[in-house]
Structure formats: structure tokens, C-alpha cells
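Trainee: Need a 3D model of the sequence below.
(2 chains)
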Amino acid sequence: MEYPFIEKSGCGILGILRKHGCPKVKFELALRSIEAVRYRGSKLGAGFAKIFIDIGTSKRRVKVFVKSADFIVDIIRTFKAHGLEIMDAGFEIAPSGDDYGSWVGLSDNDEAKVFNVIQNINSVIGHHDYKVRVYSWGRYVDVFKGVGYPTDVAETFGLIEKNPEADLWLAHTRQPTNSPGRYPIWSHPFSAGEWAIVHNGDISSFGANVMFLSGRGYRSFVGTDSEVIAFLLDYLTRVEKLSIEEAATLLCNPFSLSWRLQKERFELRGACLDGPFSVVAGYSDGDDVYLLAMTDRSKLRPLVVGEDEEMLYAASEEAQIRALSERARVWSVEPGSYFLASMKKGVIVSGRRSTKTCPSLHIPLATGYVIDAKSLGHRELYKRVRDAIMAGKRDLLLKNVLGHRYIGMALHEGVRLRVYGTAGNCLANLNEGARIEVYGNAQDDVGDTMQKGSVIIHGDARDVVGQALQGGEIFIKGNVGNRCAIQMREYLDRKPYIIVGGTADNYLGEYMAGGVVVILGLWDKDSSPVGDFVASGMVGGRIYIRGRVSRNKIGVHPPRQDVLQYLKSLVYRGLLDLKVYEELSKEEELTLELLEERLNESSFVAVKRLFHGKHVLPLNVEYRKLNDEDIMLIGHKLSAFFTEFMIGRDLLEEVYASNFTIICPSSK
Amino acid sequence: MELARSSDALVTGMGSGKLFGNASGVTILDRIVCDGAQVTRPSIDPYREPIETGVCIGGRLRLSAPFAVSELWKMKTVIKRAAVVAAFSMNIVAYLGKDEVTDAERPFLPNLLLDYGQQFSEHAAGIVVNSKERNSVRVDTDSKTQGPLFLIRMPSVDDPTAYVSSALMGFDAIIIDEDYDGLTDIEIAVSEADTALRKYKLNGRPLRDRVSIMAFSSRIRGADDVFKLMGLGADCVGLSQAATIALGNVSDLNEAVFCFENLILSLQRELKLLAGAAGVSNIFTTVVGNRELFRCIGLEKRIMQKLRIKPGGA
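Mentor: Purely as a prediction, here's the structure:
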């Protein structure tokens, strides 16, 4: 049976930064890593940027796409007319026919002056049909981009042959959504000043961001949303003198800080980003080199970061990091957060509340029928697995797995698949009864619409684990990302289970309709086992979280200030005792249950309207030890989990002795 | 009226090729449509994920939603009294004009806009100077960081310089009021004011970034009109007649307050649905002035240029 594979995917992004005292990053590493996710891109655009602070690289490289060599005179004349110098360093790529050439000019003038000339060139000479486009002008930044896959673009610029070194490399492979992609002006990286960025996403704030920038000297845009992100970073750090951390916080605009930012950064409100994005950016102030990776508040695009002894990484998929480093420690960036590292300082902001996960065990390859996934694409690997099963094999070992997608899709009972390496997206989707073990981490979308069987992951899994899971069990020893158990359901005699040894990020159990989720938080007792908006829209099933979870993290709430203001209005109208209001205003968790307990009926009915309308079911949340009913429900699965991962009985005892936050829809 | 009864949003549809007008004909607002989300920028479900509707006026007045209740002096007493309470309880603003604040209403001052010279105005959310009385008023608006906002109320005019000169007087916000002898449609006036204030620079930064725009018109019918006016550049939109209609012939004050609150909550929920459908999770930072989220149908070129909205299909 053939399964149709959907080849379309999001863009692929990458950043690699060397650590101080370690060898420079060779271009071939960036190329190898971005080509590891070739399927995320298309022939419509790719590119690279290097950032370097060598001695002797003091002149800025003004790089221009031109439709004809005739425009060079105009460019040089415009520089001179502004009293600036520019030296013709010739073409990297000569223009031919309808194809753009890439010209390089060297200038030693200061940033603000050069910025103005460039805005002038791009908006005046380059105004019509972008026949001229200055796409990079930093002292420490050099951008190489074009139309094609990453390898094609690298060849065009002679990068494969020269294999240049840098302190930081960015890379991008593109799946165009906001522009046709047939010209290199629309390819990533986008650069401004000493920043270069690569982006995967489609931001809804684009129009507001363009407005903001056009009021502040940015006069020409190629029309893709990604470009404004480079401009915003440049503006906020160069003109407003914000630190990188401040600029990144403003761009990410996390829910927790949103209101404060709107007040404190009132005049910069047009710089906030909204809508899906993962961004990897590189920057240098001439003294140090920075790698920044940001993701949107809903985390609608993938983003992982990593670190080993020599380098720091940011990528769309873990496979890109594993293509370069088997040893790297890899973690997911949380929604609305950013990761920041520098060459000299190492990791500055991790992008997670905690990067701790389960201890990794080196498990040697078992004996059995081995398929080597090295140099196989996901289609070939799938075919090899299918052929082996058709030939009667039931116990298969897949080695050197590196982000291969669709492993173990729709396999039947009796098949055992052991995966060594990093399992790619869509592992065990539509599983119909197979046992699938991963010795390593798994990427996004594990066990989507799985019917039966077991998935055992001896590491972390990323976003959307167990989407629409309807049977069988998924055991994850480490952490899981965003939206675990979304739309999980049960029917007839099928009751699915997800047990996570570590932590989960936002939207755990969103729209959940059945089955059981257990989050154990075994590996870091100091950080919250779950992110925000737990059980939002939940209509069935049960969630067990070890430890106490603040009610503020469960479901979606009206802003606290709005609830307090409402209560205050009741006081002013003589409907609520001032003392009760004062007590309530000191409560950290202003829950409906608490309000019901403290307010009279009419006041409660009135304030309740702020919480939710008729479309949302209230939740029942308890904090207590497991009772007999709970143990009947999850005891046998917990034992299986501990046995599977060979975790000591003492920890299991500890789990049984712990209090749990137990969430299910209210029967009221 | 249903909004005032239930506090839930009415889900009416997800788009149409037809134009919906009312008895007075098809307005510019009717000819503006939301571009909406698509596969690479998915919609957000406001029942299960947060969508922020709060706005900040003049850098220091935080409202839970971009709504103002205007023309209170035209309302019958019970609705006016209810509006004052509901503005506070729902944390929006109500514009009382020259009407007096009763003793019972004094606690609600932090959410009231009063005309300059009215009693207690120093404790109000904002003090409104009417442009036609500007000469008789002396306003010290120098770099205030606390206390009431200073706002200027102007008729809707098709003259961008009028807005710039008002803003330069140091007001925190401009109220553009179509019913204050306005000479042009509120849609055009808001867009022109937004654009002019963005073009005018003070210390290298657009004047617009420090000055808020509020749009008042009795033509505003619901959350969709509010959403569209925000796209044209309004930070906050004033409703008047819509509230009067929604509350109908309520006669008891407590009931009127309850209904008024329902109306505001429903409009807020509708606004979240509209934002969610456009892939927007923060209305204030993302929608205000973001004409890219909208397209227009069947508008003359002259008006499209003033609105700066692309035609449908672009």
C-alpha cells in the first residue's frame, strides 16, 4: 500500500555560533545542516549570512542586486552626492539577461549616513520593479542569497569551493508564502545594519510594523514580512539603543509582559510582532557576536536550540543540529520566548524556564534486522521498512535516523520498530498497533491520530505530541513541547494514555476530549511541570500533573486587573463589602470557585460573565494524593512507564507519595 | 438587543460576497472587508486561546477593550447612569460632556471623560477640550506622566493639518467626532489623521506614536465597525446610538447596568472573533493602522487613496 506524502513544508532556518576559543565555523557545516532539512524548502529561494569580527574587516560591504551593470554608476554617484565614499569591489555574480547580478561596494562611512543613502537608493533608483536593491551593508555581516536550493545558491557564490569561515553562520531554505520568490530580493537572510535574520512564518502585524518603520526612516520594503523583522531589530538596537534582550522581548511580546510593555514602551508599540514566526538572527557590535532565536506567543512554528563544547545552535529541527553534533544538548524554545547566546559569554538567555531533562543513557544497538537510514531519504526509508515487513520481518532496528519523517506510519500489531537517532516529524502517525521505541529524541507531531500500540521515547519529544490520539500509549521519558494531547479522545473500549517523565509546555490538553495524560516532572523539581493555558477548551478525559499547578495556568482567564476593577464597581455600588474586596484583591489566584464562595449570588452571576461564555465548559481542578480510583486508572501504566525506562522504584514511591493537580471537565 | 441580553457573541458568518448595508444605505465601512487568516497564518480560537483586546490611550490610560460610550447627554437618564457604571466596571470610558457627575457617580471618575471646566474633572480619566471652544481654554499639557489625559474633540474633517496642529498643542489624544458637526465620513477622517500624524516627525519620531486617536460616530453598529476603524488608525471607538438601541426600554438602573455590561462583553467577544479570524492575538499593537489586514470592495479610487486600503484581490 502506498501512502501519499505531503511534500510541502515550512521554511528551514538555522544559526550556528562558535564559542570563544573554538575554531571558526566553516561554511560546509551550515550547508550540511540546512540541507538536512531540504524538504522544508523549495527551489524558490535560499541563502546564507556570515558574521565575523576579524581584524582587518573594518570596511562595510554594501551588497546590491542589480538588473544591469549600468546601475553601478548611479549607486556610486548617489553615495558621492551625499558626501560619502564607496569603492567598487566588482561583481560577485554578474547580471545576465533577466537575472540579477550581485555587486559589492566597500565603504568606511558611519552607519547613520550609509543608512540614509541606502534608503535613498532603494526607494529612488530601485523604486520601479526593484531593479536595484541594496540587501546588506554591515561591517561584520555578509549575505549570500538567491533563487534555488541552498546548494544551488552556495554554488552560485562559489561558497562550496571557498568554504569560508565565520564566527556565526545563518542559513535558510524557503517555501514562499508572501512573495512569488522568483527573484533573489525576496530570499533570506534579510539584513539591516549589523543584523541578519532568517524567518519561518507569516506575521499578521506586518502592516503595523511597516507603518512603524516608515515613520522612522525606513523608506523601501520588498513586501515580505520577514524583511521588517531585520529592520525592527536594527532600529531598536541602533537608534533606540535597546539591549538585544529588550528588543527581543518587545518583538516577542509575551502574554505575561504584554500589558506592561504597551505602557512602558508605548511609543514603540508598532514594533511588536504577531502571528506565526520562528526567527534566527545574528548580530555583532564589533566586540562580540550574538545568536538570537525568537518564537511567537502561540509557537506556531518550530524552533529548537542546542549547545555542545564548541558551538551553539538554533534550528527548525533537531536533525539540523544532530547533523553536526551527536553530543549537543538540545531543547525547545518556549512560546513567546527567545534564546540568546554570544561568542564570548555563551548562553545568555536559554529560552526555557529550565533546560533540564532526563539523563541520557547510551543504549547500544540491539541485534536484529537492521536498516541503516544513513543517506536514505524518508521515502526510501519508509519503503525499506515496508518491504521488510512484507518479507515477514517483525522486529526492525533503524540506525542513523536523522530527522526522517513518517517513521512507523500506520503499522500493525506485532511489529516492533526500534529507532536509533533523532526521529523526524510525524513519528507513529496513524499507528494501528505497532510498538515503536526511540533511543534519542523525537521531533514534532508524535502519534498523531494513533489508534493502538505503544510509542516509547527515551528522550524528549517536541510540539504536538499525541494530537487526536485515540488509542494506545505514548511514554516519553523526558520533556514534551507545546500542545501535547491536543484533541486527544477516547471511544468505545479505547482509552489512550500519554505519560511524560519531564515537563510539558503551553496548551497541554487543549480541546482534549478523552483519555489520560500524566505529567510527572521527575527531572527538575524547581521548575513548573507545565506551561500556561493547561486544559484550555477541555471537554473530556483526565490530566494528572504532579505537584501544585496555579489556577492561573489552567484554562484561559480574563485579565486580573479587569476582574478586580469589576469587583471594585460592586463595592462602589454598595453590592460588595469593601473588606471582601480587599481580601480578594490579595488572592493570587482569582478563581471562579473562590468568587463563588465569597460573593453573594447576584454578584457572582454578574462577575462570572467576565470568565467565559456559553462555549466553554468549566473545569474541575483538585489538588490531592491519588485515590483508589486514580490508581485503578493510571497505576498499571505508571508501573509500565517506570519499568520501560528502568527508573528506580524509589522514584515511583515518591510519585505515589506526591500530591497531584487533577483536571477534568466539570460535571456541573 | 441580543448582545445586551446574553453577554455572548453572535456568530453571524465567516464572509460573504454581498455587501450588507442598512436603511441608510451602504457606507464606506460596509465596503471594507477583513482579509482574514489562511493556511500559513492560522486563525485563533478565542474561546481556547487568549486574544488581547486591551488598549492604552495616551501612554497611561489602560482600557480592557477599545470602546468608549459617547454622547451620554443624548441618552435617557437611566441609560446614561448605567453607562457611567458600566464604563467603570468593564474598564472602558464614557464621555459625559458637560453633564454633571452625581455624588453616587464620583467613584467612577477614573473611567469618565469630562469637558474642560466640569467639576471633579481633575479626578477623571480625561479632560476633553472641544475644538470650537479651544480659544477660551488654557491647557497645560507639558509632558504629563500622570493625572487625567488631555483630549481634544474635533469634528471629522478632510484636512490632515487640523489634526497635526491639535496634536502639536500637546494633547494626549484626539477625539474625531462625526456628530460634532463633522464635514466628512469618520472613516476618511480617521485614516487621514492617522496618516498625517505618522508623517509628521517630532525629534525624528512620528507624532502619531505619542498621540492616540479616538473615533466617535453614531453610525457605529458593532464590533466589526470598531475593528475596521481601528484598521484605519483609531485606538478606541465610541459607540452611542448602538447602545441606546441595544438597551431598548430598560427602566431599572441595575438591570440597565447589567445589560450595558452584557453589551460591552459581547462586543469584546465579537472583537476577539474578528481578530482571531485574522490571525491577530493582540488588537492594540497589531490592528491599529494595519490596513494590510483589510481590503475594500467597490470604492472610488479617491476614497481608496485616502483610506490607503488595497482593493479586494490585491
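
Trainee: Helices of the stretch 151-300 of chain B, residue ranges please.
Mentor: Assigned by DSSP state H, counting those that start in this stretch, the helices in the stretch 151-300 of chain B fall at B:160-168, B:186-199, B:223-231, B:241-247, B:253-277, B:283-287.

Trainee: Tell me which of those is the most buried.
Mentor: Ranked by mean neighbour count under mean count of other CB atoms under 10 Å in any protein chain shown, the helices of the stretch 151-300 of chain B are led by helix B:283-287, which reaches a mean of 29. In short, each C-beta sits where N, CA and C put it, glycine included.

Trainee: Count the neighbours of the residue of the stretch 201-314 of chain B found nearest chain A for me.
Mentor: With CB to the nearest CB as the measure, B:Glu292 is the residue of the stretch 201-314 of chain B nearest to chain A, at 2.8 Å. Neighbour count for B:Glu292, taken as other CB atoms under 10 Å in any protein chain shown: 20.

Trainee: cool, A:Val228 as well?
Mentor: A:Val228 has 28 nearby residues by other CB under 10 Å.

Trainee: how about A:Arg416, what does it touch?
Mentor: The neighbours of A:Arg416, taking CB atoms under 8 Å, 6 or more residues apart in numbering or on different chains as the test, are A:Arg394, A:Asp395, A:Leu396, A:Ala434, A:Arg435, A:Ile436, A:Glu437.

Trainee: Which of the three states applies to the third one?
Mentor: This points to A:Leu396. Secondary structure for A:Leu396, judged by DSSP: H, G, I helix; E, B strand; the rest coil, is strand.

Trainee: who does it bridge with?
Mentor: Bridge pairing for A:Leu396 (DSSP bridges) gives the partners A:Tyr369, A:Leu417.

Trainee: quick one: it and chain B, what's the gap?
Mentor: 35 Å (CB to the nearest CB, to the nearest Å).

Trainee: re earlier: what's the residue of the stretch 201-314 of chain B closest to chain A in contact with, if anything?
Mentor: The neighbourhood of B:Glu292, defined by CB under 8 Å, 6+ apart, consists of A:Phe206, A:Gly207, A:Val210, B:Asp35.

Trainee: And the third one, how close does it get to chain B?
Mentor: Distance check for A:Val210 against chain B: by CB to the nearest CB, it reads 7 Å.

Trainee: Contacts only, for that residue.
Mentor: A:Phe221, A:Val228, B:Glu292.

Trainee: Could you rerun that using 6 Å?
Mentor: With contacts defined as CB atoms under 6 Å, 6 or more residues apart in numbering or on different chains, A:Val210 is in contact with A:Phe221.

Trainee: just the first one next, same as before
Mentor: Residues counted as contacts of A:Phe206 (CB under 6 Å, 6+ apart) are A:Asp225, B:Glu292.

Trainee: again, 7 Å this time
Mentor: A:Asp225, A:Val228, B:Glu292 (CB atoms under 7 Å, 6 or more residues apart in numbering or on different chains).

Trainee: List the residues that contact the nearest residue to B:Glu270 once chain neighbours are set aside.
Mentor: Excluding the flanking residues, the one nearest B:Glu270 by CB to CB, 6 or more residues apart in numbering or on different chains is B:Ala223, at 3.5 Å. Taking CB under 7 Å, 6+ apart, we find B:Ala223 in contact with B:Leu267, B:Glu270, B:Leu271, B:Leu274.

Trainee: Chain B contacts on the stretch 101-250 of chain A?
Mentor: Contact residues (CB under 7 Å from any CB of the partner chain) of the stretch 101-250 of chain A with chain B: A:Thr177, A:Asp202, A:Ser204, A:Ser205, A:Phe206, A:Gly207, A:Ala208, A:Met211, A:Gly215, A:Arg216.

Trainee: Same list, these, but as TSV with secondary structure, distance to A:Ala341 and pLDDT please.
Mentor: Output for these, formatted as TSV (DSSP: H, G, I helix; E, B strand; the rest coil; distance: CB to CB, whole Å; pLDDT from 0 to 100):
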residue	secondary structure	distance to A:Ala341	pLDDT
A:Thr177	coil	29	71
A:Asp202	coil	27	91
A:Ser204	coil	29	93
A:Ser205	coil	26	95
A:Phe206	helix	28	95
A:Gly207	helix	32	95
A:Ala208	helix	29	96
A:Met211	helix	32	95
A:Gly215	coil	32	92
A:Arg216	coil	28	94
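
Trainee: looking at the chain, which helix or strand does the model trust least?
Mentor: Because you didn't say which chain, this covers chain A. helix A:258-264 (a mean of 91; mean pLDDT, DSSP states H and E).

Trainee: Report the central residue of chain A.
Mentor: Closest residue to the average C-alpha location of chain A: A:Leu303 at 2.6 Å, with CA atoms, centre = their mean.

Trainee: Would you check how far apart it and A:Ile75 are?
Mentor: A:Leu303 sits 37 Å away from A:Ile75, going by CB to CB, to the nearest Å.

Trainee: Check the secondary structure at A:Val455 for me.
Mentor: Following three-state DSSP, we place A:Val455 in the strand state.

Trainee: My read is that A:Leu570 contacts A:Leu576, right?
Mentor: Yes. At 3.8 Å, A:Leu570 counts as touching A:Leu576 under the criterion of CB atoms under 7 Å.

Trainee: shared neighbours of these two, anything?
Mentor: By CB under 7 Å, 6+ apart, A:Leu570 and A:Leu576 have these common neighbours: A:Ser603.

Trainee: Now residue 211: closest residue in space that isn't a chain neighbour?
Mentor: Here I'm looking at chain A. Spatial nearest neighbour of A:Met211, chain neighbours left out: B:Gly289 (5.0 Å); criterion: CB to CB, 6+ apart.

Trainee: Let me rephrase: I mean chain B.
Mentor: Nearest residue to B:Val211 in three dimensions, chain neighbours excluded: B:Ala167, at 4.5 Å (CB to CB, 6+ apart).

Trainee: The one you found reaches B:Lys199, doesn't it?
Mentor: No. Taking contacts as CB under 7 Å, B:Ala167 lies outside contact range of B:Lys199: 11.6 Å.
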